[in-house]
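> quick check, what structure comes out for this input:
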Amino acid sequence: MIFCGPGEYEKTFYNLLNRFSAAASFPVFADASSSARFPNNKNVITNYNSFFGSEKFINNFDPELILQFGAAPTTKFSLEFFENSKAAKILINEFGDLLDPSKTSSIILKAKPETFLSLFLKKNKLSKRENAYLNSIKIINNWINDFRKSKIEKSQFPFEGKIISEILSLIPSGSNLFISNSLPVRDLDYFAESSNKNIKVFSNRGASGIDGINSTALGIAASSKRKTILITGDLAFYHDLNGLLTAKNYKIPLIIILINNNGGSIFESLPIAKHKNIFNEYFKTPHQLDFKKFVEGYKGNFVNIKNWNSLKAEFVKALKQKKFSVLHFKTDSTKSHSVRKEFREEAVNITNNFINDN
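Predicted structure coming up:
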């Protein structure tokens, strides 16, 4: 099993990963922040977080070996699976860093992932073979893909997970996508299907949290010839409002997808959310801000998105702008949380049903 975590990979990495995974018949559990889902690799698995919610999957599909390229995966379920797995675990990254919060890895290789894969393929002749383990995982992944598509299509505007999938359908191939911390990066991991588009994904992971998101995305947009899109939440956007001065002064045409659920809605998944008397004031921290006035103060283009059709029209307009644009979604965090929960529960059921029948 291969875990492809967030990281800065060279262009050759994805082709080498494709060749290696095909030759070894290894499933690639690709964190959406790794860019390994774009373009598509037929062994890339996108629904592994759903698998890890199933005890039956954990008990029946624990591998003998895990190779981890780049940083540790984003989600709690992935980290727990990695920690509890009895597999031999090899970390492969350029500086030989212990990118394993569980500290259960067996070996750390100080090597660029591209170099490791290239040398391994040159020194070892792997004959492609049928692999029931890989095939079973791919079938479960495809079944959950089908369910996810139907679930997203039926979801009411503006479900936050569908915002992610709609933006991915609209982004031109050859673009940069910067994904903010908190819920956006997790929704990307759950709802981003693999695609043949060439999309370079960036994120700020680690102790910095939601600080500096706007400024980092603006730096990427300014230094790249690619179209650059930022998907961010309201608190992360608010934390770095002053970064928009850079957009104004240097006329950087960043497109910002602003998902405004009025506070830190990621905390609604924690037990503290049941204590309404303190949850809103100390955890969710609703702000009731009118972001339009801030954006226009920095000479940006601000649009309230009212439905999916208006998103498509306004996104096309934003791609042609020579200044930054903010496409603003006012969302209902409680409803989005409910849809996420339903999706995860049914995805676990799909996984269990496959295992029961096979």
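> buried sites along the top helix by length along the chain?
Secondary structure of the chain read by DSSP state H shows that its longest helix is helix 333-357. Of the residues in helix 333-357, 333, 336-337, 339-340, 343, 347-348, 350-352, 354-355 count as buried by neighbour count, 16 or more other C-beta atoms under 10 Å. Placement of C-beta: from N, CA and C, glycine included.
> please apply the same query to stretch 54-61.
Of the residues in stretch 54-61, S54, F57, I58, F61 count as buried by neighbour count, 16+ other C-beta under 10 Å.
> so what's the second one up against?
What it means is F57. By C-beta atoms under 8 Å, 6 or more residues apart in numbering, the contact set of F57 is F51, I140, T351, N352, I355.
> how close does it sit to K154?
When distance is defined by C-beta to C-beta, to the nearest Å, F57 is 25 Å away from K154.
> go on, the first one?
Look at S54 and K154: by C-beta to C-beta, they are 23 Å apart.
> average pLDDT across the helix or strand harbouring L119?
In this assignment (DSSP states H and E), L119 forms part of helix 113-123. Confidence over helix 113-123, taken as the mean pLDDT, stands at 95.
> from the middle of its chain, how far away would it be?
In this view, helix 113-123 has its centroid 26 Å away from the chain centroid, taken as C-alpha atoms, centre = their mean, to the nearest Å.
> quick one, phi psi at L170?
phi -90, psi -30 (degrees, to the nearest 10).
> hmm, N309 and it touching each other?
No. Checked against C-beta atoms under 8 Å, the pair L170 and N309 is beyond contact range at 11.9 Å.
> who has more neighbours out of these two?
L170 (17 against 10; other C-beta atoms under 10 Å).
> chain neighbours aside, what residue packs nearest to the more buried one?
Take L170 and drop its neighbours on the chain: the residue closest to it by C-beta to C-beta, 6 or more residues apart in numbering is F315, 4.9 Å away.
> list the contacts of the one you found.
I167, L170, I255, L327.
> what do you get if the cut-off is 10 Å, keeping everything else the same?
Under the criterion of C-beta atoms under 10 Å, 6 or more residues apart in numbering, the neighbours of F315 are E166, I167, S169, L170, I171, I229, I255, I257, V303, I305, S325, L327.
> okay, buried residues for the helix or strand harbouring it please.
Here F315 is covered by helix 308-320, with elements defined by DSSP H and E. For helix 308-320, a neighbour-count test (16+ other C-beta under 10 Å) marks L311, E314, F315, A318, L319 as buried.
> include pLDDT and distance to L235 when you put those into TSV, please.
Shown next, in TSV, are those (pLDDT from 0 to 100; distance: C-beta to C-beta, whole Å):
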residue	pLDDT	distance to L235
L311	97	22
E314	98	23
F315	98	23
A318	98	22
L319	97	27
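> my read: S203 touches R186, true?
No. Because the distance of 11.1 Å does not satisfy C-beta atoms under 10 Å, S203 is recorded as not touching R186.
> who touches both of the two?
Between them, S203 and R186 have A32, T74, I179 as joint contacts when contacts are counted by C-beta under 10 Å, 6+ apart.
> what about the strands in the stretch 101-250 of the chain?
107-110, 175-179, 199-202, 228-233 (DSSP state E, counting those that start in this stretch).
> helices of the stretch 51-200 of the chain, start to end?
When assigned using DSSP state H, counting those that start in this stretch, the helices of the stretch 51-200 of the chain occupy the ranges 55-60, 76-84, 113-123, 132-154, 160-170, 183-191.
> most tightly surrounded among these?
With neighbours taken as mean count of other C-beta atoms under 10 Å, the helices of the stretch 51-200 of the chain reach their highest mean count in helix 183-191, at a mean of 24.
> now the angle from it to strand 175-179?
Here helix 183-191 points in a direction 120 degrees away from that of strand 175-179 (axes from the mean of the first three to the mean of the last three C-alpha atoms, to 10 degrees).
> could you list the domains of this structure?
Residue ranges of the domains in the chain are recorded as 2-137, 149-343, according to automatic domain parsing.
> can I assume S155 is in contact with F343?
Yes. Judged on C-beta under 10 Å, S155 makes contact with F343 at a distance of 9.2 Å.
> overlap in contacts, the two.
Between them, S155 and F343 share the contacting residues G161, judged by C-beta under 10 Å, 6+ apart.
> related to what we said a few turns ago, as CSV, the buried residues of helix 308-320 with distance to G212 would be great.
Output for the buried residues of helix 308-320, formatted as CSV (distance: C-beta to C-beta, whole Å):
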residue, distance to G212
L311, 27
E314, 26
F315, 25
A318, 22
L319, 25
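> with those in mind, which one is nearest to R19?
Using C-beta to C-beta, L319 is the member of these that lies nearest R19, at 33.8 Å.
> and the pLDDT for the closest residue to that closest one other than its chain neighbours?
Excluding its sequence neighbours, the residue lying closest to L319 (C-beta to C-beta, 6+ apart) is K227, at 6.3 Å. Taken from the predicted model, the pLDDT recorded for K227 is 97.
> mind listing what K227 touches?
Taking C-beta under 10 Å, 6+ apart, we find K227 in contact with 171-177, 221, 253-255, 318-319.
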